[in-house]
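> task: produce atomic coordinates for the following.
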Amino acid sequence: MSTAPQDHDGTRPTPAGAGAGTPGSRTTKLAIVGAGAVGSTLAYAALMRGAARTVAMLDVNRAKVEAEVLDLQHGIQFMPMARVEGSDDVAVCAGADVVVVTAGAKQKPGQTRLDLAGTTIGLMRSILPGLVEVAPDAVYVMVTNPVDIVTYAALKISGLAPQQLFGSGTVLDSSRLRFLVAQQCGVAVQNVHAYVAGEHGDSEIPLWSSATIGGVPLLDWSGLSGRPALTEDVRDEIAREVVQSAYRIIEGKGATNYAVGLAGTRIIEAVLGDEHRILPVSTLLDGDHGIDDVCLSLPTLVDRRGAVERVEVPLAADELAGLQASAESLRAAARRFGL
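Down below sits the predicted model:
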């Protein structure tokens, strides 16, 4: 008797890229809104990783989106089989399983993510109703900055459930944190498990108290031979670098795109692959740690249904205070924009 896993509808799940003609199989469609640096890189990363069988791109600049699609199509031979399409017509997103929104005002050197909010919220008001109309059952992932405020606004504009629409949150920040810890300790980044919580921005909080390195609590890490210990001063410097690195990249090349494209693809895979993966995405809080009516990041179970359930990670007193301060900062910004 077969013991192969079954999908929610009783059919066996098909890996991304599997043929559409197989009985019982289900192809997957990813729609990306915005063909700028982030959207195009995310499309490339998703195609290279075989995340979806169809990748559709939407952008108001028809010439730009068509050029990006053509460039990607020319590389199909060298990646898992997929179909790539693009248009300035929202119909290109019809029937998508996941819609990732990357469109928004571009962050300039010296600008904070919150500085972008007004323009980007206005853009969400214009594009979300059409997207929900053609892809009502999709899981929506907001990547546009300031992602927490944009996610909060998008929930109000779209009327979608918080499980169905959430933000990329601090998935990228957590990756930056793990990289810097691994670099400091001389271990592979895959051996570091640590999360950044709160705002995707200046008030974010590294959760040092629950972090581990190779199964050893990070706060108990004594260091390998020839490597310094992770003192409080070192941890503070790493935390500053996590926040400042985006500004350095933007100052140097105008945009962050590679790491955020990969982080976004990881979220997409968790949804389309029904992975039940814990990721620090930005969701609408409802009493967690005494916080409600604000979108911010905490470790959350992500699967085919979306951002299903937040995980109760124990917080040290200073981490809880920092998370609550981050929430208040975001709440004040939301009020400033009439949300």
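> measure residue 129 to residue 65 for me?
Note on residue 129: its distance to residue 65, by Cβ to Cβ, to the nearest Å, is 20 Å. For the C-beta atoms, the positions are set from N, CA and C on the backbone; glycine is no exception.
> who has more neighbours, the two?
residue 65 (25 against 13; other Cβ atoms under 10 Å).
> pLDDT score for the more buried one?
Confidence at residue 65, expressed as pLDDT, is 98.
> helix, strand, or coil at it?
Per DSSP: H, G, I helix; E, B strand; the rest coil, the local secondary structure of residue 65 is helix.
> same check on residue 248?
Under three-state DSSP, residue 248 falls in the helix class.
> what about it, how many neighbours?
12.
> the residue nearest to residue 277 when sequence neighbours are not counted: what's it in contact with?
Distances taken as Cβ to Cβ, 6 or more residues apart in numbering put residue 270 closest to residue 277, at 4.2 Å, once the chain neighbours are dropped. Going by Cβ atoms under 8 Å, 6 or more residues apart in numbering, residue 270 touches 277, 279, 302, 303.
> from residue 168, how far out is residue 270?
Going from residue 270 to residue 168 by Cβ to Cβ gives 11 Å.
> and if you look at residue 240?
For residue 240, the distance to residue 168 equals 22 Å [Cβ to Cβ].
> same deal with residue 76?
26 Å.
> between the two, who's got more neighbours?
residue 168 (29 against 13).
> grab the nearest non-local neighbour of the more buried one.
The shortest distance from residue 168 to any non-neighbouring residue, by Cβ to Cβ, 6+ apart, is to residue 143 (4.7 Å).
> residues near the one you found, how many?
Residue 143: 29 surrounding residues under other Cβ under 10 Å.
> also residue 105?
Residues lying near residue 105 (other Cβ under 10 Å) number 17.
> and if you look at residue 173?
Neighbour count for residue 173, taken as other Cβ under 10 Å: 27.
> state the distance from it to residue 249.
Remark: distance between residue 173 and residue 249 (Cβ to Cβ) = 13 Å.
> helix/strand/coil for the closest residue to residue 165 other than its chain neighbours?
Spatial nearest neighbour of residue 165, chain neighbours left out: residue 140 (4.1 Å); criterion: Cβ to Cβ, 6+ apart. Under three-state DSSP, residue 140 falls in the strand class.
> residues in contact with residue 140?
By Cβ under 8 Å, 6+ apart, residue 140 lies in contact with 98, 99, 100, 101, 131, 154, 158, 160, 164, 165, 166.
> tally of neighbours for the closest residue to residue 249 other than its chain neighbours?
Among residues not flanking residue 249 along the chain, residue 256 sits closest, at 4.8 Å (Cβ to Cβ, 6+ apart). A total of 20 residues lie near residue 256 under the criterion other Cβ under 10 Å.
> and residue 256, that one's in a strand?
No. In this structure, residue 256 is coil, not part of a strand, as judged by three-state DSSP.
> where exactly do the strands run in the stretch 1-150 of the chain?
29-33, 54-58, 83-87, 98-101, 139-142 (DSSP state E, counting those that start in this stretch).
> who does the fourth one touch, helix- and strand-wise?
The criterion is 3 or more Cβ pairs under 8 Å, 6 or more residues apart in numbering; DSSP states H and E, and the helices and strands that strand 98-101 contacts are strand 29-33, helix 117-134, strand 139-142, helix 258-272.
> hey, C-alpha coordinates of the third one in PDB?
Right, strand 139-142. The C-alpha trace of strand 139-142 is given here as PDB (Å, rounded to 0.1, in the frame of the first residue of the first chain):
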ATOM      1  CA  VAL A 139      -1.700  33.700  -0.500                       C
ATOM      2  CA  TYR A 140      -0.400  37.300  -0.600                       C
ATOM      3  CA  VAL A 141       3.100  38.100   0.600                       C
ATOM      4  CA  MET A 142       4.000  41.800   0.900                       C
END
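> can you tell me how far residue 184 is from residue 285?
Distance from residue 184 to residue 285, by Cβ to Cβ: 31 Å.
> what do you get for residue 71?
Taking Cβ to Cβ as the measure, residue 71 falls 40 Å from residue 285.
> re earlier: tell me which two of the contacts of residue 270 sit farthest apart.
Distance extremes for the contacts of residue 270: the farthest pair is 279 and 303 at 10.4 Å, using Cβ to Cβ.
> what about those two, which has more around it?
residue 279 (23 against 18).
> partner residues bridging that one?
Under the criterion DSSP bridges, residue 279 forms beta bridges with residue 300.
> per-residue confidence at the residue nearest the centre of the chain?
The chain has residue 168 as the residue nearest its centroid, 2.4 Å off, counting by Cα atoms, centre = their mean. What the model reports as pLDDT for residue 168 is 98.
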